[in-house]
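1. Provided below for reference: sequence and predicted model.
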Amino acid sequence: MTAPFATQTSQARAGEWFVLYGLSVLGALLLSALLVEATDGDWRPVVNALLDGSVRGKGRWGETLGAAGPLLIVALGTVISGRAGLVNIGQEGQLFVGAAFATYLGFVIGGPGPLNVVLILFFGATGGALWAGIAALLRYWRGVPEVLSTLLLVTVGAQLVAYGLRYDWLLLAPEGDRGNRNQVSEQLADDNRLPRPDLFGNEFPITVYIAISLAVVVSIVMARSVWGFRIRMLGRNPRVAQVSGVSGTHYGATALMLSGGFAGLAGACMLTGGAFAFGNYQLVPGFSANIGWTGLLVALVAREKALIAIPIAFVFAGLRTGSSFVGSTGVEGRVTDVIQGLLVLALLVPPAVMFFRDRHRARVAAMGRV
Amino acid sequence: MDAFFSAAWDVMSSDSTYLNTALFAAFLAFAASGEWVAERAGTLNISVEGMLLAGAFTSAVGFDITGSIAIGMASGLVGGLVIAGIQAEMSHRLAADQFVVGLTLNILVFGLAGFLDNEIQPETKLAHRFDIPLLSDLPLIGQALFGQRWPFYILYVLLPFTWWLVFRTRWGLELRAAGENPQSADVSGINVNRRRRQSIYYAGFTAGLGGGFLILAQIGQFEDSHVGGRGFIAIAAVIFGGWTLRGTIAGCVLFAFALASRLSIQGLGYDVNSELLQSAPFVVTILGMAIFAHRVRPPASLAQPFVRGLK
């Protein structure tokens, strides 16, 4: 974003941001309320249900944190590839493939409990990275834009996992453990799950701590390390990067695979952490539950800043956990999808408006000097 | 192997395969022709999925209110154009990231359609069949191409019109310039972002028609799961076609054939793995891109935003 101008103090600028964000978020919420009212609902119970379901209810903010963890991890990966100037929009597939990898190898190896959990997480990350690696290979070997290949690989990944869930030599659980379901993997044993410590009466998997520490690490590495600097240089200006000896192929492929690795890790975390609506420590079709798409949105709304992604992941997770309570008010729970969509669109407006205002100010300032 | 050939023969010689292929291909072609225009102007418009769903929903509502297929089709345009409007104004006026906008719109429309469908529950029925004389009596393909419900025939006008618009008008030339080299286009006096917005509106127009076609000429009842990712298959078709209209349509037909043969194979009593067939369009597209990467290239500034003075 353009630098602030001498005519404007930093407080005034912060105030402007604040007002812009306030207005657009308010606008999105008003629109959502109008929608509920227009269909003969009442917005107040919906808001209450959302708050109860996401934070106020007993044990609910633990649920929300549990959902926020994977979202944040996906977003962090996206931050890395985004900073390198690559548009990875295939997190949904990378997450799913990562989870499938983790499930398969987790059961094949089946080592002693705690060690196996670590291995499962590692394999999840590997699976995601390999899936993104296909896109990286196509990008740097055949020149296929990564935007297209990652997008197309989402469906391929989902169908591949569903295929694996049909055969018991791949992912399908043995005959006796399936219950009444067709496509389901074996359930992780108790000692193969992530611990879910209790904090103030709220239970959530330690995924959350992993995610937050990763956010800090990513933020520091991107801002303060040579590697992070090279990645950012590659993203800002590939030609400068090339001239200064930063190999686009090497760093770009690494960033893309890291991004996929984070998504895969998120998938493994969902599998072993078993939080809100993420299945029951087993893999099923549709396991990825839009976490990949939403995580991508988190990263883009956070404008590719790792630390800002933390609160945004929490808000998006809150809309998810809250939506299960909205149904009880007589209003279709899907309205939270609408609220989320409107919120994202609203969050996109202020940076755009600021950009044009800065540009206008710059133009006026330049005219003054002429 | 014999079983395979006899299955293939049964599929190839059954009328229903061709009928289904034509129906699926038509739906994809409605979406893909507009998507192709948007991509030629430089937008990877992933909200096409949302446009289709919105178009389908508004056309169902339009038909429910008026009971006229024509008005139903026209109100399908409303849904497509509204979503196109948000996508276009957000990504090419406010310079917001086109993928955020597109993804968000897909989620938003999916939620909104489910929510409103629950409230309104529009009742719809199919348009009447219209056999084109003589042509519809051709063996195998006659019924498929010339014996469809009438919204199908819009395509016979829409596709040549799209081609003419993009390759034979000044507007089309400017649009392609905006997709290839926006800096040069801008310098020569073309309003790049306006052309890009207009191309997205065109995508909304065709996707709105496609949504109406889906409800009023193919399925006959709105359900939010009916589009089910076929917007993404349309995008794959555009890529598969190497960003030419001919190739895009070929992609639509090929992918539609894969979808239709799945139905026929199962209908004829053979067993087939549906997951592998469903991912076939995407695998074929990726392989195609990888193999022909040096001969076929996307519009040079596909998916890159244009802001004057920033490069």
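-> Here it is on my side, so go on.
2. how about B:Ser91, secondary structure?
-> Recorded secondary structure, B:Ser91: helix (DSSP: H, G, I helix; E, B strand; the rest coil).
3. how far away is it from B:Ser261?
-> 37 Å (Cβ to Cβ, to the nearest Å). Placement of C-beta: from N, CA and C, glycine included.
4. neighbour count winner among those two?
-> Using other Cβ atoms under 10 Å in any protein chain shown, the more surrounded residue of B:Ser91 and B:Ser261 is B:Ser91, with 26 against 22.
5. give the contact list for that one.
-> B:43, B:97-98, B:101-102, B:200, B:305 (Cβ atoms under 8 Å, 6 or more residues apart in numbering or on different chains).
6. From A:Pro145, how far out is it?
-> Applying Cβ to Cβ, the value for B:Ser91 to A:Pro145 is 17 Å.
7. Check A:Ala306 too.
-> A:Ala306 is 25 Å from A:Pro145, by Cβ to Cβ.
8. Same question for A:Gly327.
-> 41 Å.
9. ok, the two, which is more surrounded?
-> A:Pro145 (21 against 15).
10. Would you confirm that that one contacts B:Ala303?
-> Yes. A:Pro145 is within contact range of B:Ala303, at 7.3 Å (criterion: Cβ atoms under 8 Å).
11. which regions of chain A sit below the pLDDT cut-off?
-> Applying pLDDT under 70 to chain A flags residues A:1-8, A:110, A:175-181, A:275-279, A:370.
12. any idea where the strands of it begin and end?
-> Counting by DSSP state E, one finds strands in chain A at the ranges A:198-199, A:202-203.
13. possible to save those strands as CSV with mean neighbour count and distance to A:Gly274?
-> Below are the strands of chain A laid out as CSV (neighbours: other Cβ atoms under 10 Å in any protein chain shown; distance: least, Cβ to Cβ, whole Å):
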stretch, mean neighbour count, distance to A:Gly274
strand A:198-199, 11, 15
strand A:202-203, 16, 11
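14. So which of those is nearest A:Thr336?
-> Smallest distance to A:Thr336 across the strands of chain A (Cβ to Cβ): 20.9 Å, for strand A:202-203.
15. Give the partner strands of that closest one in its sheet and their orientations.
-> strand A:198-199 (antiparallel) (DSSP bridges).
16. Pull the distance from the strand it pairs with to the chain's centre.
-> 24 Å (Cα atoms, centre = their mean, to the nearest Å).
17. Run through who's touching it.
-> Counting by Cβ under 8 Å, 6+ apart, A:Gly62 sit against strand A:198-199.
18. Let me see the ranges of the helices in chain B.
-> Ranges of helices within chain B are B:2-12, B:15-40, B:48-66, B:69-92, B:98-120, B:141-146, B:154-167, B:170-180, B:182-187, B:192-213, B:230-240, B:245-267, B:274-291, based on DSSP state H.
19. now those helices as JSON lines including distance to A:Pro350 and mean pLDDT?
-> Listed next are the helices of chain B as JSON lines, based on distance: least, Cβ to Cβ, whole Å; pLDDT from 0 to 100:
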{"stretch": "helix B:2-12", "distance to A:Pro350": "55", "mean pLDDT": "71"}
{"stretch": "helix B:15-40", "distance to A:Pro350": "26", "mean pLDDT": "92"}
{"stretch": "helix B:48-66", "distance to A:Pro350": "23", "mean pLDDT": "95"}
{"stretch": "helix B:69-92", "distance to A:Pro350": "13", "mean pLDDT": "94"}
{"stretch": "helix B:98-120", "distance to A:Pro350": "14", "mean pLDDT": "88"}
{"stretch": "helix B:141-146", "distance to A:Pro350": "51", "mean pLDDT": "80"}
{"stretch": "helix B:154-167", "distance to A:Pro350": "36", "mean pLDDT": "95"}
{"stretch": "helix B:170-180", "distance to A:Pro350": "27", "mean pLDDT": "95"}
{"stretch": "helix B:182-187", "distance to A:Pro350": "25", "mean pLDDT": "94"}
{"stretch": "helix B:192-213", "distance to A:Pro350": "20", "mean pLDDT": "96"}
{"stretch": "helix B:230-240", "distance to A:Pro350": "29", "mean pLDDT": "90"}
{"stretch": "helix B:245-267", "distance to A:Pro350": "37", "mean pLDDT": "85"}
{"stretch": "helix B:274-291", "distance to A:Pro350": "36", "mean pLDDT": "83"}
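20. Great, nothing more from me.
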